[in-house]
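Chemist: Compute the structure for the input listed below.
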Amino acid sequence: MSSLYEAMSLEAAESIARQLKEKPNSCLGLPTGRSPIGCYKILAHWSKEGMLDWSEARCFALDDYIDVEESLSFQTFLASNLHRHTNAKPENCFNPRFVDNYDQLIADCGGLDLVMLGLGTNGHIAFNEPGTPAESWTHCITLTEDTRRSNQEFFGSLDAVPTHAVTMGIATILASDRIVLIVSGERKRPALNRVLSGAIDINIPASHLAAHKKLKIIADFDILS
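Modeler: Alright, predicted model coming up:
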């Protein structure tokens, strides 16, 4: 683990911790994948040390596969890497696979206060693939081969990676009060540059983030070069 990745993870964890301390009953949108693992390790440590209280927090998974073995689901990922190491209540940890109207549930809880996102090499955020309209709310989607190939290491082969998923939509994400985008790996620089350019491109879902007033970008490489 590089020092730059560790620094990115610490800054991301501090953003989550600050949100929880400012508003204990915050609604958080939480990602899966390689990028947030370091952040979650830090949050888990702080939680075990009694430095963070999740008892009133509501945690919303950004997305999950459809028709996936439960051990490989994002539900299991979040439970293993974060939830079980905190005092978050299981009934307050939500996943779009198990909720008929995710956006209504989010609204009923007061709306998202902070969403943390990773960035796909093709510019996807959550599982919003290129071509997803900005007006999209939580929906099912067919995954691109690029996304499936990026995740095949968790399944052993490309054929084993699910082809469909359910995800918060771009509109769901943009409705959050704050957004933290964590970007790990130089291979994601081209997609990040499209975000930094400020130009909206439907083929780069992350480009829509540039319009958000409270967007924080954290990378494990120099984003100015």
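
Chemist: Quick test: name the residue nearest the centre of the chain.
Modeler: Nearest residue to the geometric centre of the chain (C-alpha atoms, centre = their mean): Pro31, 2.5 Å.

Chemist: Hmm, that residue is touching Phe60, no?
Modeler: No. Counting by C-beta atoms under 8 Å, Pro31 stays clear of Phe60, with 10.6 Å between them. In short, each C-beta sits where N, CA and C put it, glycine included.

Chemist: Now do the same contact list for the residue nearest to the centre of the chain.
Modeler: When contacts are counted by C-beta atoms under 8 Å, 6 or more residues apart in numbering, Pro31 is found next to 62, 116-118, 126, 182.

Chemist: at 7 Å instead, please
Modeler: Neighbouring residues of Pro31 by C-beta atoms under 7 Å, 6 or more residues apart in numbering: 62, 116-118.

Chemist: which outside residues touch stretch 137-146?
Modeler: With contact meaning C-beta under 7 Å, 6+ apart, stretch 137-146 is reached by 66, 96, 102-103, 121-122, 127, 129, 163-169, 171-172.

Chemist: Now the buried members of those residues.
Modeler: When these are checked for burial by 16 or more other C-beta atoms under 10 Å, the buried set is 96, 102-103, 122, 127, 129, 165-169, 171-172.

Chemist: will you turn the residues you listed into a markdown table that also has distance to Ala44 and pLDDT?
Modeler: Listed next are these as a markdown table, based on distance: C-beta to C-beta, whole Å; pLDDT from 0 to 100:
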| residue | distance to Ala44 | pLDDT |
| --- | --- | --- |
| Pro96 | 23 | 98 |
| Tyr102 | 25 | 98 |
| Asp103 | 29 | 98 |
| Asn122 | 30 | 94 |
| Phe127 | 24 | 97 |
| Glu129 | 30 | 96 |
| Ala165 | 25 | 97 |
| Val166 | 26 | 98 |
| Thr167 | 25 | 98 |
| Met168 | 23 | 98 |
| Gly169 | 29 | 98 |
| Ala171 | 31 | 98 |
| Thr172 | 26 | 98 |
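
Chemist: Where helices are concerned, which of these count?
Modeler: When helices are assigned by DSSP state H, the members of the buried ones among the contacts of stretch 137-146 inside them are 102-103, 171-172.
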